[in-house]
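In: give me a model of this one.
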Amino acid sequence: MTRTFHEIDCKGDLLAATLDSGTGTTALMIVSGGNEIRSGAHGGMALLASRISQHGFPVLRYDRRGIGESSGENREFLGSTEDIAAAAQFLRQEQPQIDRIIAFGNCDAATALALYGPDAGIDGYMLANPWVIEQTSEADSEEPTISSAAIRSRYWDRIKNPRTVIDLLSGKIDLRKLLKGLKQASKVEENSALSIRLRDALSRLDGNSRILLAKRDTTARAFLAAWNSADFATLRTRTSITLETLDSASHSFADEAAKDWLAEKLLEALRQA
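Out: Below you'll find the predicted structure:
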């Protein structure tokens, strides 16, 4: 395995990229979520890339425009279609033996891949904790609106834990915040526009797609609520889309058990591609 560093042209801007080479004919492309750089939190994606490439699969990571070492304007995940396409094209050029690209993204990167992957020639998808939460309407607010279904799921887990009663009686749980949360959880609401857009994108994917959820993560809970709704009923019948969960609250699969689970799921998909 050889790790090399590159700059990828993207409409006149340059994407900083890292390629872990391999001899395999299937490659992994890691798309970063949020405003995270390609190495990931605490180098997690760099370590993951090294681990995957040791099994012979090439792995490409890159910084989206305006992030990390890349130039240009940060267009956020909904403006990343050209970044994904440029990275996929570069990967095929640098590793000409590959005939398939499996793309992995977490959070809003998962949503971006579902939306824009087909136009980039992606052949298979590993989508972790897809982002379906709408931002608040206030222009100056950066707080997302958490779905009532996701809140209900979180409170149900707490209610099932006997420790919750002890914490409530001892004052460790703020009763006012608890009541506010229960009020929010009781609301009946429709799926967000973004979740419907994601549903439609998932329905159009040609390759096999795996959705990976850390089921106690808030983002995963919000997606799972949408997934289990009537709006997603037809999508749930598609055999080309599978959903797998890990009993974890780690959004980025940061602990050792979660890291191992994620790596094995990626290797499994690459071997079966």
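In: contact partners for the residue nearest to the spatial centre of the chain?
Out: Note on the chain: the residue nearest the mean C-alpha position is Asn106, at 1.8 Å, using CA atoms, centre = their mean. By CB atoms under 8 Å, 6 or more residues apart in numbering, the residues touching Asn106 are Gly33, Ala128, Asn129, His251, Ser252, Phe253. To be clear about C-beta, it is placed using only N, CA and C from the backbone, and glycine gets the same treatment.
In: Ala27 now?
Out: Here Ala27 is in contact with Phe57, Pro58, Val59, Leu60, Leu91, Gln95, Ile98, Arg100, Ile101, Ile102 (criterion: CB under 8 Å, 6+ apart).
In: give the pairing partners of the helix or strand harbouring it; include direction for each.
Out: Element membership of Ala27, judged by DSSP states H and E, is strand 26-31. In the sheet, strand 26-31 lines up against strand 59-62 (parallel), strand 100-106 (parallel) (DSSP bridges).
In: okay, angle between the following helix or strand past it and strand 100-106 too, please.
Out: Once strand 26-31 ends, the next helix or strand along the chain (criterion: DSSP H and E) is helix 44-53. Helix 44-53 and strand 100-106 are oriented at 150 degrees to each other (axes from the mean of the first three to the mean of the last three CA atoms, to 10 degrees).
In: could you dump helix 44-53 to CSV, C-alpha only?
Out: Backbone C-alpha positions of helix 44-53 (Å, rounded to 0.1, in the frame of the first residue of the first chain) are rendered in CSV as follows:
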residue,chain,number,x,y,z
GLY,A,44,-10.5,8.3,12.0
MET,A,45,-11.0,8.3,8.2
ALA,A,46,-7.3,8.2,7.6
LEU,A,47,-7.0,5.1,9.8
LEU,A,48,-10.0,3.6,8.1
ALA,A,49,-8.6,4.2,4.6
SER,A,50,-5.3,2.5,5.7
ARG,A,51,-7.1,-0.4,7.1
ILE,A,52,-9.2,-0.9,3.9
SER,A,53,-6.3,-0.5,1.6
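In: next, the nearest residue to Pro130 once chain neighbours are set aside: phi, psi?
Out: Leaving aside its sequence neighbours, Pro130 sits nearest to Ala110 (CB to CB, 6 or more residues apart in numbering; 4.2 Å). Note on Ala110: backbone dihedrals following degrees, to the nearest 10 are phi -60, psi -40.
In: ok, Ala110 touching Gly117?
Out: No. Taking CB atoms under 8 Å as the definition, Ala110 is not a contact partner of Gly117, at 10.0 Å.
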